[in-house]
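1. coordinates only, sequence not included:
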């Protein structure tokens, strides 16, 4: 009757969602202040004031039918031009409006790129730990997602494992740096090795292998860490961006795809992106928020709060004996679980009302994700529980 | 390299878009006031004041991270509950929050229903004249779209033609009333005949045939015309709604799908809708506008303007000798073209700077669509050109 796969995808809640629902139940039982919910990557830092200011300005000064009307399918040309200029200033690129396609958020950016590329039998490759919806999105377009096992020492790339998967059916490689869930940022060295290998393999197989850079956390990095802009390293790169994290607007669904001029057969690539957006029913990215992000180029939420949270939690946990690669970006810690089975460890953590997500969900068993995009004060209150949890394993 | 079909869909501009671009070019040449662009179904009536008021209220009083944060995938429960209540009051239904799934507009509503239902080899049926993107969306999910030829006398349903197409592979039937492009509203008699036939065929073939009601124009009807609420006539009905037209918010992409309790295996149906939304990358409908439409239940833009436009244009054109079924709803006239080839007629109209869309695009040759969701004053200025155009054929 119904498409079986859709019923299955809609029935099987994600682990993260299950944990979140459990947290709500526990909060009702023991009080919200006694539940330490680190399960969701929902930014707790407010959007910058410029977001509110621009919404108010646009709504009170612009003509309603124009402000809330259809934009062109690829997005408002003025907005695309402003964003292109902003990327160019930050990264020394040379984009213009027609390199950008506005989307209904990061998931849409990814689905559109996957759909633009995927043909029967194609394989995509990504690196553990990875965002589990990649698999849902890739399979939804008929492609197969292969996952290269994690380099758990640094959460850079395990190149030997990656090379084993690269083959004539490889259509695209998906990277996510700063990474959800590890918080790792790929170094320039990693990017150079990755793109050299991909160039060599593209030549060997006689067809382009595309790089899809999923980068909603680009601006959330700590210290002097640089996030290389990948179109400068590899011509056949699609950049998938979202304002969910940088402007704390995850519910508004607004982002873009970059299709650089350098890409082989760029006009066809951009057309394929437009066609994919059309066939997936996106019509256009939400019009008011297109204008808002156009007005807010170069601005971000106050990400110093995330840095404070990272330092507080990382220092406390490592002092208690947890083992963790220090993250350079995003708002996740990804420590080793204190027993080999991360699921069992997460169950044990629940006894102390600490809600974590097992790394198995991200293709990386033996680890747990701690989303620290929460109130600093909740982290402070949670430390005693983390200590008690660690004492269970001593 | 790229998915061929996507390149094709992205390269081949829709006829409507071509005409719109031509209009912009002509406006630059002869002045915007001398171009009579009836090509686009973009509402020109502003959103009701309540939309602006509620945006301002929400943005200035609600906590940013909550207001712009993720909602549950099916949409904010409070919003769904308010909308369910509003439908119940208007139509005597008994919906609750869990019958509704908030979407990123009408196209998303349709794509999600199609994806929830379509399995290899399935056929969907719709009725000419029909919105041409149905074909793109249906084929995007792997289904085939069959089109029953138009009943050009009344733009109700040509049942003999429909019955010829109904077969064991029929998974769903898509209706759009009030209709784009004819403006026709299906009478209760039409709905009764349609649903009786579908019930009979469902039994004959031993499986449910679903009804998908695409109804963004529900509130835009004139006089005492009633638009039957289809879940009351046929249990296996998905209602696809959008606020694009009723609240003049087409760019904001906000709507919903109703999955009634009466539907066979309702829980699986709702799960399939959730799974389809997930695999298509929708995540959640834009959060601010979920709240806004929740606050604006029962309100519409000032649709009396469309009625005035309809009367003005319908009366003038029929007096000039154009033949047209008088539309009861939406904001389109769909007269016969004054020569058999509607494309040639539209080219002729262009010579008078009147921009129309040939009916061929809607599966109904020999007619043209006139979108009268424009300034009344433009219609007044256009009448002389319509007269001159008609004189070409006398």
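-> Perfect, thanks for sending it. This structure is a prediction, so every number in the text was calculated from the model and none was measured.
2. Residue A:185 is in what secondary structure piece?
-> Here residue A:185 sits in a region with no helix or strand, counting by DSSP states H and E.
3. again but with residue A:110, I slipped
-> helix A:106-117.
4. With residue A:201 instead?
-> Short version, using DSSP H and E: residue A:201 is in helix A:188-205.
5. any residue of that helix up close to chain B?
-> No: shown here: helix A:188-205 not in contact with chain B (Cβ under 8 Å from any Cβ of the partner chain), separated by at least 10.9 Å. Backbone N, C-alpha and C define where each C-beta goes, glycine included.
6. looking just at contacts, which helices and strands does the next helix or strand after that helix meet?
-> Downstream of helix A:188-205, the first helix or strand assigned by DSSP H and E is strand A:210-214. On a contact count with 3 or more Cβ pairs under 8 Å, 6 or more residues apart in numbering or on different chains; DSSP states H and E, strand A:210-214 meets helix A:106-117, strand A:170-175, helix A:188-205, strand A:237-242.
7. okay, the angle between strand A:210-214 and strand A:170-175?
-> Interaxial angle, strand A:210-214 versus strand A:170-175 (axes from the mean of the first three to the mean of the last three Cα atoms, to 10 degrees): 30 degrees.
8. Could you tell me how far stretch A:186-204 lies from the centre of the chain?
-> Averaging C-alpha positions (Cα atoms, centre = their mean, to the nearest Å) puts stretch A:186-204 21 Å from its chain's average.
9. can you pull out the strands in chain A?
-> Applying DSSP state E to chain A gives strands spanning A:36-37, A:100-103, A:123-127, A:144-148, A:170-175, A:210-214, A:237-242, A:255-258, A:332-333, A:354-355, A:357-358, A:368-371.
10. what does the last one contact?
-> Contacts made with strand A:368-371 from outside it, assessed by Cβ atoms under 8 Å, 6 or more residues apart in numbering or on different chains, are listed as A:38-42, A:181, A:313, A:331-335, A:337, A:342, A:345-346, A:349, A:356-359, A:361-362.
11. Can you flag which of those residues belong to helices?
-> With helices taken from DSSP state H, the overlap with the contacts of strand A:368-371 comprises A:313, A:342, A:345, A:346, A:349.
12. Among those residues, which pair sits farthest apart?
-> Spatially, the most separated pair among the ones in helices among the contacts of strand A:368-371 is A:313 and A:342, at 17.9 Å (Cβ to Cβ).
13. So, low pLDDT: which residues of chain A?
-> Within chain A, no stretch has pLDDT under 70.
14. Point to the residue nearest the middle of it.
-> Among the residues of chain A, residue A:216 comes closest to the average C-alpha position under Cα atoms, centre = their mean, at 5.0 Å.
15. for the residue nearest to that one when sequence neighbours are not counted, which residues make a bridge with it?
-> Nearest residue to residue A:216 in three dimensions, chain neighbours excluded: residue A:242, at 4.1 Å (Cβ to Cβ, 6 or more residues apart in numbering or on different chains). Partner residues in beta bridges with residue A:242, using DSSP bridges, are residue A:255.
16. Contact partners for residue A:242?
-> Counting by Cβ under 8 Å, 6+ apart, residue A:242 makes contact with A:103, A:105, A:106, A:109, A:216, A:254, A:255.
17. I'd say the fourth one and residue A:253 touch.
-> Just to be clear, that refers to residue A:109. No: counting by Cβ atoms under 8 Å, residue A:109 stays clear of residue A:253, with 10.3 Å between them.
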